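> Below is the sequence, then the predicted model.
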Amino acid sequence: MIKTKALATVNNTVTPIFFTFKNQSMKRYSLPFSLLIVAVSTLALSSCGSSKANDPQPGTPLWATGYPAVPYGAQTADVVLQTDKKSNAYYVISEKPLALTPEQLRDQVNAPTEPSIKFKDKIVVEANTAKTITVSGLTQHKKYYAYVVSESVADASMQPDVKSFNFTTYYRQDTASFKSTVETRDALYLIYRPEKALKYPDQKYPICFFMGGNGEVATQGQINVIRNGSLAEYLYKGNDVDMMVMSIQHINMNWNTKFIDEAVTYGLATFPVDTKKVYMAGISGGGFGCWNYATDYAGKLTAIVPISGGGNTGKACNLKPLAIWAFCNQTDGFVAPSNSINMVNAVKGCPPSAEVKFDIFPDDGHDVWRRVFDQNHSDWSLPGKNDHEKVDIYKWLLSKSK
């Protein structure tokens, strides 16, 4: 530690000057005058500097590189802002293109007169600090126009130009196709992506591949999987899940595992997938397809939810690396519950294995999946058959990772 003494001259003799003070315990301490001055000066300068650093800076604010930005999804958009000075940022989102000066944009936020403006706000943006505002309530597959400008908080210096964006929102669950060499056709599928996956596709997200049963078989070129309480229908009704879902449309009653693998391979290559979180669910015939695909391609999956299906018990030990949650009804006139029971028992007979869960609902009928996919489905209120604890397969799936 460097010690400094303040010096005073008395009768031509240089003498150090000390100040004495008491602390709370009434002990006496001496402090050289120079150190006292340095301490007080440092405190004053520090206080002054801190105050000035936090004061808004005058002058026109400048956007940081990459800002502003308006990433969008199906029903929301993020207005992402950052400036070099503390500023007031103004934005509007309109249903038609507008010609606005910076001052007009600010006026439309403060006192709107343009009926096409559906969303607007003024946001205080701290200097060099990114801020994101999420705008909700956008309509799917609709074109919007966004305008942003910023002014200094210190002296109201306004940027000379309005930043403009136009975008068309996505569908929550869109229809697309891939080329199948196994079935020699353009295979249709539905792809659901959560808002964050639509807005930020540079990140990675879980995915679930869904397969319908014989009731969802379609004529080539048609989508028939949004029905019968399927996962695709659950999403179509406006429900959200925190994973992407690719619902594969089939045209044959019996699922070909090589065709399923084409779809899985395509999905993994096309969408921003977290390959540690790849799931599969199937109902009825799709439940059989789920079991059979998993026994042949277990290395591509993390967890499966086969419902009212069955599989090859001779290959059950191939499923050891996977987490499994199977379901069926107590009474099923289409697919005997023993199909699910035998597969579950066969997997459990191959220790050590990953988690294996099995629920049998006290219902009559085949479509147990309506309960599984939808916690609010009326089947949960069936008289005398509502004593089963509700299940949350989405939370369970998301907890599974390679």
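Yes, it's here.
> which residues sit in contact with Thr331?
In this structure, Thr331 makes contact with 337, 363-365, judged by CB atoms under 8 Å, 6 or more residues apart in numbering. Just so you know, the C-beta spots here come from the backbone N, C-alpha and C atoms, and that holds for glycine as well.
> Quick one, which of the residues you listed are buried?
337, 363 (16 or more other CB atoms under 10 Å).
> quick one: which of the contacts of Thr331 sit in strands?
In this view, the contacts of Thr331 that belong to strands under DSSP state E are 363-364.
> Throw the contacts of Thr331 into TSV and include distance to Asn254 and pLDDT, thanks.
Converted to TSV, these look like this (distance: CB to CB, whole Å; pLDDT from 0 to 100):
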residue	distance to Asn254	pLDDT
Pro337	20	97
Asp363	26	84
Asp364	26	86
Gly365	22	91
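> what kind of secondary structure is Ala354 in?
Three-state assignment for Ala354 (DSSP: H, G, I helix; E, B strand; the rest coil): coil.
> ok, the closest residue in space to it that isn't next to it in sequence - contacts?
Taking CB to CB, 6 or more residues apart in numbering as the measure, Ala354 lies nearest to Ala323, with 4.7 Å between them; neighbours along the chain are not counted. When the contact criterion is CB under 8 Å, 6+ apart, the partners of Ala323 are 302-304, 354-356, 400.
> Which strand residues bridge Ala323?
Assessed by DSSP bridges, Ala323 has beta-bridge partners Ala303.
> Report pLDDT for it.
pLDDT for Ala323: 97.
> Tell me where the stretch 301-402 of the chain has helices.
Assigned by DSSP state H, counting those that start in this stretch, the stretch 301-402 of the chain shows helices spanning 337-348, 369-373, 393-398.
> Minimum distance to Val92: which of those helices has it?
When the helices of the stretch 301-402 of the chain are compared by CB to CB, helix 393-398 sits nearest Val92, at 36.0 Å.
> In PyMOL, select just the buried ones from the contacts of Ala323.
Written as a PyMOL command, the selection of buried residues from these, which uses 16+ other CB under 10 Å, is:
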select buried, resi 302+303+304+356+400
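> Next, give me the two most distant ones among the contacts of Ala323.
Of all pairs drawn from the contacts of Ala323, the widest gap by CB to CB lies between Thr302 and Val356 and measures 14.1 Å.
> If I look at the spatially most central residue of the chain, what pLDDT would I see?
Centroid check for the chain by CA atoms, centre = their mean gives Lys196 as the closest residue, at 4.0 Å. What the model reports as pLDDT for Lys196 is 98.
> just Cys48 next, same as before
For Cys48, pLDDT reads 45.
> Kindly report the same for Gly384.
At Gly384, the model reports a pLDDT of 71.
> Count the residues that sit near it.
Applying the criterion other CB atoms under 10 Å, we find 6 residues in the vicinity of Gly384.
> and the nearest residue to Val124 once chain neighbours are set aside, helix, strand or coil?
When the adjacent residues along the chain are set aside, Val124 lies closest to Asn88, with 6.1 Å between them (CB to CB, 6+ apart). Assigned state for Asn88: strand (three-state reduction, three-state DSSP).
> is it true that Val217 touches Asn252?
Yes - proximity of Val217 to Asn252 meets the contact threshold set by CB atoms under 8 Å, at 7.0 Å.
> more crowded one of these two?
Here Val217 and Asn252 are set side by side on neighbour count (other CB under 10 Å), and the busier one is Val217, at 17 against 11.
> roughly how far apart are that one and Trp255?
As judged by CB to CB, to the nearest Å, Val217 and Trp255 stand 10 Å apart.
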